[in-house]
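Fold the following and give me the result.
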Amino acid sequence: MSVQDKLKGISRRDVFKLAGQYGMSSTLLAAGSFGGAMSLANLAAAAESTYEKRFAKPAKHTLKFGAAGFNARNLLIERAGALEFSRDLEARTDGEIRIEFIGDNQICGQVSCVEKCQQGIIDLYAASTQNSAGGAPYLNVLDYAYMFRNRADQYHFLYSPLSGPMLREPYERRHGLKLLFSHAELRGIQLGLAWEDKDTVTSVEQLAGTKNRVTGTQLGRIAMTAMNLNPVPVAWEETLDGLKQGLIDGAETWASAVAYANMSPVVSQSVHLNFFCGTEATNMNASVFDGLSGDLQDAVMESSYWAQTHVQAANEAALVNTVGQSDPQLPGTIFAQNNVRNAFLSDAEIKKAEEMCSPEYQPQLWEEWRERLNGWQGGADTYQEIYNEVRTNTHTLAENVEPRRWWKG
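Below is the predicted model of the structure:
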């Protein structure tokens, strides 16, 4: 059953009406729990039941979760795990922690959530690490070109104890934020409608000279420049209009982001260059975490682990069944309905792109940022350490990567 079928008959206005009665968080948590078709009546019943359960006793901590542009609808497309984490943490702590989930860009957007969390305006946030890199530059450490070969490598690293010294600890030390868990995809170029009647892209050379939106990541720009993809900084919220009006040829992002943000109608080809991370991560203000009792800190970590395992399985399934990132595409998927073609490049073409831009083949392009990130980390060679670690991963399918509690070593 497609996402559209599940949500048929429930308008945004209906959702806000229920939220007025039971609160937005209870309504969204209830909506997110549905696996099948959802009517207004059964959503209302679920929202009431969720509300009663959540407010059965006073919470010790109420945490504000700024979830950028996410809501119960689009979190069924890109399975970033924000609602599942919230629901599990509330249940795991028996209501001692209550989450106030604020999505739809109401309190912060992709670029601003990181700063609002650092400032303590919100306690948790979900946004891509690449958009957050503007406010927390250490997150660039994930964005060396072709450091990750596939999504399995990404999950392998997120579960690895090495993610502590290479990612999580320097990020917390420098920016006061704790990375809890993340979805994992790899970025490519999503071409606008001007490419609708052109041949499906089979090589990076066909994209040479195009003008493409880039996120807040500095490292992503290095790779794009080396591949002659002319990076243009465009806010995520303005990317749809930029594609629609033809101001840019394409956007550097990943498949489920196109689908959840309703960009599919203005994208003709999803070119899977897979050249660096697309990681929609949930993060927490480190001081807020430190202010919790030991048992509640343990609960946050266990809910993060649970959410990470959920995302690993659910997003892999959604890419095929909901988004349409497969060849052939399943009918009824978002890409199929909007005539978005997948352009999967051959291994030889991916290798060619890697040789054009990666630190492995073009080390001089990365020297300045590599040195900077190594210094922030504490002296290790960040690229080489992560590169070597993920090449111990023996899986090519992300769903086969073994989950580990990364903080237990």
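
gap between the two ends of stretch 101-113?
13 Å (CA to CA, to the nearest Å).

For the stretch 251-400 of the chain, give me the ranges with low pLDDT.
Scanning the stretch 251-400 of the chain for pLDDT under 70 picks out nothing.

again, but for the stretch 1-150 of the chain
In the stretch 1-150 of the chain (pLDDT under 70), the answer is 1-9, 34-37.

can you give me the helices in it?
Here the stretch 1-150 of the chain has its helices, by DSSP state H, counting those that start in this stretch, at 3-6, 12-22, 24-32, 40-54, 82-92, 113-118, 129-132.

Any chance of TSV for these, columns distance to Gly409 and mean neighbour count?
Bear in mind the C-beta positions are built from the backbone N, C-alpha and C, glycine included. Listed next are the helices of the stretch 1-150 of the chain as TSV, based on distance: least, CB to CB, whole Å; neighbours: other CB atoms under 10 Å:
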stretch	distance to Gly409	mean neighbour count
helix 3-6	39	16
helix 12-22	42	15
helix 24-32	32	25
helix 40-54	34	17
helix 82-92	22	23
helix 113-118	27	24
helix 129-132	23	28
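
Of these, which is nearest Asp143?
Of all those, helix 129-132 sits nearest to Asp143, with 6.4 Å by CB to CB.

Packing partners of the closest one?
Applying 3 or more CB pairs under 8 Å, 6 or more residues apart in numbering; DSSP states H and E, we find helix 129-132 packed against helix 113-118, strand 277-278, strand 280-285.

hang on, the earlier thing: JSON lines please, covering the helices of the stretch 1-150 of the chain and showing distance to Asn342.
Shown next, in JSON lines, are the helices of the stretch 1-150 of the chain (distance: least, CB to CB, whole Å):
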{"stretch": "helix 3-6", "distance to Asn342": "19"}
{"stretch": "helix 12-22", "distance to Asn342": "30"}
{"stretch": "helix 24-32", "distance to Asn342": "28"}
{"stretch": "helix 40-54", "distance to Asn342": "33"}
{"stretch": "helix 82-92", "distance to Asn342": "26"}
{"stretch": "helix 113-118", "distance to Asn342": "30"}
{"stretch": "helix 129-132", "distance to Asn342": "22"}
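
nearest to Leu229, of those helices?
helix 129-132 (15.1 Å).

Please list the outside residues in contact with the closest one.
Here helix 129-132 makes contact (CB atoms under 8 Å, 6 or more residues apart in numbering) with 110-111, 113-114, 139, 142-143, 179, 182, 187, 215-217, 220, 236, 277-279, 281, 283.

now do 7 Å
For helix 129-132, the external contacting residues (CB atoms under 7 Å, 6 or more residues apart in numbering) are 110-111, 114, 139, 142-143, 215-217, 220, 236, 277, 279, 281.

okay, the helices and strands packed on helix 129-132 in CSV with distance to Gln206 next?
Putting the helices and strands packed on helix 129-132 into CSV (distance: least, CB to CB, whole Å) gives the following:
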stretch, distance to Gln206
helix 113-118, 35
strand 277-278, 22
strand 280-285, 28
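
buried sites along stretch 293-306?
Leu296, Ala299, Val300, Met301, Ser303, Ser304, Tyr305, Trp306 (16 or more other CB atoms under 10 Å).

give me the element the last one is part of.
Using DSSP states H and E, Trp306 sits in helix 294-318.

Can you name every helix or strand that that helix contacts?
Applying 3 or more CB pairs under 7 Å, 6 or more residues apart in numbering; DSSP states H and E, one finds that helix 294-318 contacts helix 82-92, strand 177-182.

would you list those in JSON lines and tack on distance to Glu349?
What follows is the helices and strands packed on helix 294-318, written out as JSON lines (distance: least, CB to CB, whole Å):
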{"stretch": "helix 82-92", "distance to Glu349": "35"}
{"stretch": "strand 177-182", "distance to Glu349": "27"}
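
so how far is Gln206 from Glu355?
Going from Glu355 to Gln206 by CB to CB, to the nearest Å gives 17 Å.

Those two: who's more crowded?
Gln206 (17 against 13; other CB atoms under 10 Å).

Ramachandran angles for the closest residue in space to the more buried one that isn't next to it in sequence?
Leaving aside its sequence neighbours, Gln206 sits nearest to Asp199 (CB to CB, 6 or more residues apart in numbering; 8.0 Å). Dihedral angles of Asp199 (phi, psi; degrees, to the nearest 10) stand at phi -60, psi 150.

tell me the SS of Arg213?
strand (DSSP: H, G, I helix; E, B strand; the rest coil).

I'd like to check which residues are in contact with it.
By CB under 7 Å, 6+ apart, the contact set of Arg213 is Val232, Val234, Thr239, Gly242, Ile248, Ala251, Glu252.

Number of residues surrounding the fifth one?
Which is Ile248. 22.

Also the fourth one?
Other residues near Gly242 number 21, with proximity taken as other CB under 10 Å.

from here on, count from 650
Yes, from this point I'll number from 650; that puts the last item at Gly891.

Shouldn't it be within a helix?
Yes: when three-state DSSP is applied, Gly891 is found to be in a helix.

before we move on, the earlier item: greatest separation within the contacts of Arg862: which pair is it?
Gly891 and Glu901 (11.9 Å).

any idea how far Pro977 is from the spatially most central residue of the chain?
Geometric centre of the chain, nearest residue: Glu929, 1.7 Å, by CA atoms, centre = their mean. Using CB to CB, Glu929 is found at 27 Å from Pro977.

re earlier: looking at the helices and strands packed on helix 943-967, which is closest to Asp1030?
Closest to Asp1030 of the helices and strands packed on helix 943-967 is strand 826-831 (CB to CB; 20.7 Å).
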